[in-house]
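*Asks:* This is a predicted model, with the sequence first.
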Amino acid sequence: MKGYVFEYLNENDFRKLEKSVKKYNMIAYKKLVFDYYPSIKEGKMLGKLIETNSKNQTKTYELKLPTNEMFAKVHGDMKLNYTVYEDKHIVLFNTITPTDILTEGHRSELSTFDGVILSKQNAERDMFKINLLKLLEK
């Protein structure tokens, strides 16, 4: 067997999220493409096992992607969620989180504040969080 085959829950949506990661977090994108995908393809499942289903022999993993600390505090950790079908040697990519900010970033250019992406609808809230976190660090 050559390795695992990649499939997608919804390939168009997943590719949009991937492009958004590339646009706003190049380090995470490079890690994903050059380190994580090849390892997963070889059968080295990365990340935290979050669910096992013995009925249809699947395991669901959540892999944390590298992000800056402030982004993680404002929007949450960036994670790749995928399911492995061990008997069929298939990896099904589900999504990349946080999907809301990544989807919004794909649709239109988002601004940043102190290196953190600001959502269009909640820009003031995001800036408030960043300023508050900076004050708490002092």
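*Replies:* Thanks, I have the structure now.
*Asks:* Between the two ends of stretch 118-129, what distance do you get?
*Replies:* End-to-end distance for stretch 118-129: 11 Å, by Cα to Cα, to the nearest Å.
*Asks:* In that stretch, which residues are buried?
*Replies:* Across stretch 118-129, burial judged by 16 or more other Cβ atoms under 10 Å covers 118, 119, 126, 127, 129. Glycine gets a C-beta too; all of them are placed from N, C-alpha and C.
*Asks:* what's the pLDDT at the first one?
*Replies:* Yep, that's residue 118 we're talking about. Looking at residue 118, its pLDDT is 75.
*Asks:* now the third one
*Replies:* The predicted structure scores residue 126 at 79 on the pLDDT scale.
*Asks:* do the same with residue 29
*Replies:* You'll see residue 29 listed with a pLDDT of 94.
*Asks:* Hmm, it is touching residue 35, no?
*Replies:* No: look at residue 29 against residue 35 with Cβ atoms under 8 Å: they stay out of range, at 10.8 Å.
*Asks:* neighbour-wise, which of these two wins?
*Replies:* Comparing residue 29 with residue 35 by neighbour count (other Cβ atoms under 10 Å), the higher total belongs to residue 29, at 18 against 11.
*Asks:* which residue sits closest to the more buried one, ignoring its sequence neighbours?
*Replies:* Take residue 29 and drop its neighbours on the chain: the residue closest to it by Cβ to Cβ, 6 or more residues apart in numbering is residue 22, 4.2 Å away.
*Asks:* All set, thanks.
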